[in-house]
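1. Here you go, sequence then predicted model.
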Amino acid sequence: MTLNPVPTRLVVMGVAGCGKSSLGQHGARALGLPLLEGDDFHPAANVAKMRSGIALSDDDRAAWLDTLAEQLALRPEGVVLTCSSLKRRYRDRLRAAAPGLRFVFLQLTREQARERVATRPGHLFPVSLVDSQFEALEDPSAEPGVLALDAMRPIPELVSAVAQWVRSAPAPRQEVKA
Ligand SMILES: Nc1ncnc2c1ncn2[C@@H]1O[C@H](COP(=O)(O)OP(=O)(O)OP(=O)(O)O)[C@@H](O)[C@H]1O
Ligand SMILES: O=C(O)[C@H](O)[C@@H](O)[C@H](O)[C@H](O)CO
């Protein structure tokens, strides 16, 4: 069911295989918002690196995050973005471009992530890189405007939890730096 669009900007985040694309797709539809697939904006060099089994560095991710920040800034009327957003400074880069930005954090164990990534043949992300995602991950749960959810719950339940949160909890206030 599609309800009235909610003017919110929301990032679905987490390690490879947590279900960002799946929840992004269904969540965007339920909220009546457009979907941006963050992986589509990786420079070709990043994709080649991941395909060849090399983890991205902060430098590799910097230009990609700048592009995603621009995309968020272009959509004040609301959007759902899928983006791993593994580190606090990556999230703050996106927040700086989109006041009130929310993050839905899909949590799962390394074993669960490995199993999901392993059952997606042909995908750009190899299972050998799953550990590096957990090494980079800085848990966002204590940050404002973050909803942490168990990534193993069925998609319809996750969609309901997100829709309820967006409709009932106010958007986080932006810290204004003097
Ligand atoms: N809640 C869920 N319950 C069961 N299976 C799921 C769920 N979410 C995702 N999956 C399955 O897990 C796999 C990974 O999901 P998905 O591609 O959405 O993850 P992702 O975080 O976008 O991954 P990546 O960032 O590596 O592209 C897919 O096969 C998908 O069908
Ligand atoms: O920050 C990163 O290391 C990347 O964004 C990865 O998370 C992948 O793009 C994605 O998950 C691949 O499937």
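-> Sure, I can see it. Ligands and ions are numbered 1, 2, ... in the order given.
2. which parts of this structure sit against ligand 2?
-> Contact residues, the chain versus ligand 2 (C-beta under 6 Å from any ligand atom): 16, 39, 56, 61, 84, 86, 124-125, 133. C-betas here are computed from N, CA, C, even on glycine.
3. quick one: which of these sit in helices?
-> In this view, these that belong to helices under DSSP state H are 61, 133.
4. Just the buried ones from the residues of the chain next to ligand 2?
-> 16, 39, 56, 61, 84, 86, 125, 133 (16 or more other C-beta atoms under 10 Å).
5. Against ligand 2, how distant is the residue in the chain positioned nearest to ligand 1?
-> Evaluated by C-beta to the nearest ligand atom, the chain has Gly19 as its residue closest to ligand 1, separated by 2.9 Å. Counting by C-beta to the nearest ligand atom, to the nearest Å, the gap from Gly19 to ligand 2 is 11 Å.
6. And for Arg93?
-> 12 Å.
7. I'd guessed the residue of the chain closest to ligand 1 sits against Leu106; true?
-> Yes - Gly19 is within contact range of Leu106, at 5.2 Å (criterion: C-beta atoms under 8 Å).
8. Report the set of residues contacting both of these two.
-> Common contacts of Gly19 and Leu106, defined by C-beta atoms under 8 Å, 6 or more residues apart in numbering, comprise 151, 158.
9. before we move on, the earlier item: can you pick out the ones from the buried ones among the residues of the chain next to ligand 2 that are in strands?
-> Judged by DSSP state E, strands contain none of those.
10. Any idea which of those residues the model trusts least?
-> Minimum pLDDT for these is recorded at Phe125 (89).
11. Do I have it right that it meets Met50?
-> Yes - assessed by C-beta under 8 Å, Phe125 is found in contact with Met50 at 5.6 Å.
12. Next, the buried residues of the one helix or strand Met50 maps to.
-> Per DSSP states H and E, Met50 falls inside helix 44-51. Across helix 44-51, burial judged by 16+ other C-beta under 10 Å covers 46, 49-50.
13. Is ligand 1 within reach of it?
-> No - against ligand 1, helix 44-51 shows no contacts by C-beta under 6 Å from any ligand atom, the least distance being 9.2 Å.
14. what comes into contact with that helix?
-> Contacts of helix 44-51 (C-beta under 8 Å, 6+ apart): 42, 55-56, 60-61, 64, 124-126, 129.
15. swap the cut-off to 10 Å and go again
-> 16, 39-40, 42-43, 54-57, 60-61, 63-64, 123-126, 129 (C-beta atoms under 10 Å, 6 or more residues apart in numbering).
16. Out of the residues you listed, which are close to ligand 1?
-> Among the contacts of helix 44-51, the residues within reach of ligand 1 (C-beta under 6 Å from any ligand atom) are 16, 39, 125.
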